[in-house]
Each structure stands twice: as C-alpha cells, then as structure tokens.
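starting from these lines, generate the structure:
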Amino acid sequence: MKMPRNVLFVSAVLLCSWNFPALTQTASQATVPAGEEALQKAIHDYILSHPEVLLQSLRAAKEQQQEQMAAQAKSKIPSLRKELLEDASAPILGNPGGDVTLVEFFDYRCPYCRQVEPFLQTLVKSDPGLRIVEKEFPILGPASVYAARAALAANKQGKYKQFHDAMMAKKANIDEATVLNLAEQAGLDIDRLKADMNRPEVDSEIKRNREIAKELKLNGTPAFIIGTELVPGATDLETLKSMLDDARHGVN
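Numbers count the residues shown, from 1 in each chain. Next comes the predicted model:
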C-alpha cells in the first residue's frame, strides 16, 4: 500500500518527536540543542495546524496492519483446507456435491450475519453448483452458544436448514426460549433436540470451530472463505459472486 507524501511526512516527524525526549533524559544533558528544539516546535505547530494529516497517518497504519493480518490469515487456509471443507459434522447448505464451496463462520445473534443472509440465500437459489459449509462460531455470549448447540442438534435430525432459516429470520434478540420455540416451529423433536445438544460431539464441533477461527485470526462474525480468499466481516452480494467466479476459474 502506497501512503500519501503528507502521511509519510507526519509518520516521520512523529517518530522524530517521540525519540527526542529519550535523547534529553540523561543526567548529563540538561538542554536541548537549538536545532532540535526548533524542529520539535515546527513538528508541534504543523500537527496543530493540520490534525487531519495525523488522522490519515494513523488510519494508514491501521490499514497496513489489517492487510498484514489478512495476509497471515490467508497463508493458513491451505493447511486448514480439510477441516474447512471436509468436516463431516459441519452443516451443509446448497448443493452438497457442488463445484465450489463457501465457508461461513457466523453467530445467530450477530446482526451483520443476518444482514448478509439474504445474499447467501440468493446465491443458493441462483447458483446450483454452490456448496455452503456453515461453521457455528458463537462469540456473543451464552445465548449464542445455546443457539449453536441447537443448530448442530437440528442437523442430526436432518432439519438444519429449516431451523437455520427460522433463526436468521428472527429480528428480535434471541434467548433460550426463542431458540426452542423456533425449533418446534421448524418441526424438530424437542426432547431429542435437548438430548443431542448435550452430546460430546456438539461440544467438540464448536470447540474446533473456535480453534480454526483463532488460527485464522477471526475476531468477529461473519467471515467468509472461498478458495484461498478470506473476507472478515459483512460483505455484499457482488463481492461474493466475484469470489465464487474467481474460485471456479482458479484465480484464488
């Protein structure tokens, strides 16, 4: 990423200004050389006169850090490919035998996950070759964990999609009573659901999803992986379509 000239200037002068105190904190140095003092004043005056440049510098540094983290995360995808794409415990939406796979890490209580859900449903309807691997990644408290457990238990009854769609359509905050009510409306056997929610393999699935997310440095939801590309955070329909097209043509 190429930073603007003024941003580079501010970054440089800030480094200089932060280093000057270190030069003057010894017992033998009681005064600041005249040239350095003049430069410090010039830096101080410039920043006061152009605060927007300081903000640009900080923003550029943050973007650079995010790009570096994204590159590190992307480098992990090949080694995690089997767990991302071939996890037999992970629910599948769309075409199980599709020619391209989208992996989603999500939380049922995440408003941004609900925001992108219509895009995923549109893709499933319009793209018969799309396979979606759903990674339950509950990070928003106990109610999120309860919902994730219920979803994985619903998958054991072959009704994951019905439950998932009902949960994603729910606009209000989700609690345990809401989860059970929606599960019942989705046609699930509630007694069996409760029993399956407490099975060790459900715990293992959620734990492993968290471990994978940690390796990929995912700190929020949703997050999407298509091919070797990772998009952390909500995105739009066109971006997802473009990524799927690139994956099909071996671009990523």
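
just the residues contacting stretch 183-191, thanks.
By Cβ atoms under 8 Å, 6 or more residues apart in numbering, the residues outside stretch 183-191 that reach it are 150, 154, 157, 159, 162-163, 165-166, 180, 193. Just so you know, the C-beta spots here come from the backbone N, C-alpha and C atoms, and that holds for glycine as well.

just the buried residues of those.
150, 154, 157, 159, 162-163, 166, 180, 193 (16 or more other Cβ atoms under 10 Å).

any chance of the residues you listed in TSV, plus secondary structure?
Output for the buried ones among the contacts of stretch 183-191, formatted as TSV (DSSP: H, G, I helix; E, B strand; the rest coil):
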residue	secondary structure
Ala150	helix
Ala154	helix
Gln157	coil
Lys159	coil
Gln162	helix
Phe163	helix
Ala166	helix
Leu180	helix
Leu193	helix
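
CSV for the residues you listed, including pLDDT?
Formatted as CSV, these follow (pLDDT from 0 to 100):
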residue, pLDDT
Ala150, 98
Ala154, 98
Gln157, 97
Lys159, 97
Gln162, 97
Phe163, 98
Ala166, 96
Leu180, 97
Leu193, 98
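
of those, which is the nearest to Glu117?
For the buried ones among the contacts of stretch 183-191, the minimum distance to Glu117 (Cβ to Cβ) is 11.7 Å, reached by Ala166.

gap between the nearest residue to that closest one once chain neighbours are set aside and Pro91?
Nearest residue to Ala166, sequence neighbours excluded (Cβ to Cβ, 6 or more residues apart in numbering): Leu182, at 4.4 Å. Distance of Leu182 to Pro91, computed by Cβ to Cβ, to the nearest Å: 16 Å.

so which of those two has more stuff around it?
Set Leu182 next to Pro91 and count neighbours by other Cβ atoms under 10 Å: Leu182 wins out with 23 against 19.

phi, psi of Ile92?
Main-chain dihedrals, Ile92, degrees, to the nearest 10: phi -120, psi 130.

so what's it up against?
Taking Cβ under 8 Å, 6+ apart as the test, what Ile92 contacts is 131-134.

now, among those, which is nearest to Lys82?
Among these, and counting by Cβ to Cβ, the member closest to Lys82 is Val133, at 11.8 Å.

which other helices and strands does whichever strand or helix holds the closest one contact?
If you go by DSSP states H and E, Val133 is part of strand 130-136. Judged by 3 or more Cβ pairs under 8 Å, 6 or more residues apart in numbering; DSSP states H and E, the packing partners of strand 130-136 are helix 81-85, strand 92-94, strand 100-106, helix 111-126, helix 142-156, helix 200-215.

paired strands for that strand, with orientation please.
Strand pairing for strand 130-136, using DSSP bridges, gives strand 92-94 (antiparallel), strand 100-106 (parallel).

mind putting the ones you listed into CSV with mean pLDDT?
As requested, the strands paired with strand 130-136 are exported to CSV (pLDDT from 0 to 100):
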stretch, mean pLDDT
strand 92-94, 98
strand 100-106, 98
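
contact partners of stretch 110-127?
With contact meaning Cβ under 8 Å, 6+ apart, stretch 110-127 is reached by 93-94, 102, 104, 106-107, 130, 132, 140, 168, 171, 220-222, 233-237, 240-241, 244.

which one of the helices and strands packed on strand 130-136 lies nearest to Gly35?
Nearest to Gly35, of all the helices and strands packed on strand 130-136, is helix 200-215, at 49.6 Å by Cβ to Cβ.

give me the mean pLDDT for the helix or strand encompassing Leu48.
Per DSSP H and E, Leu48 falls inside helix 34-49. The average pLDDT for helix 34-49 rounds to 77.

show me where the chain dips below the pLDDT cut-off.
Along the chain, segments meeting pLDDT under 70 span 1-34, 61-72, 252.

could you list the domains of it?
The record's domain parsing of the chain by automatic domain parsing lists 5-62, 79-248.

what's the most buried one of those domains?
domain 79-248 (a mean of 17; mean count of other Cβ atoms under 10 Å).
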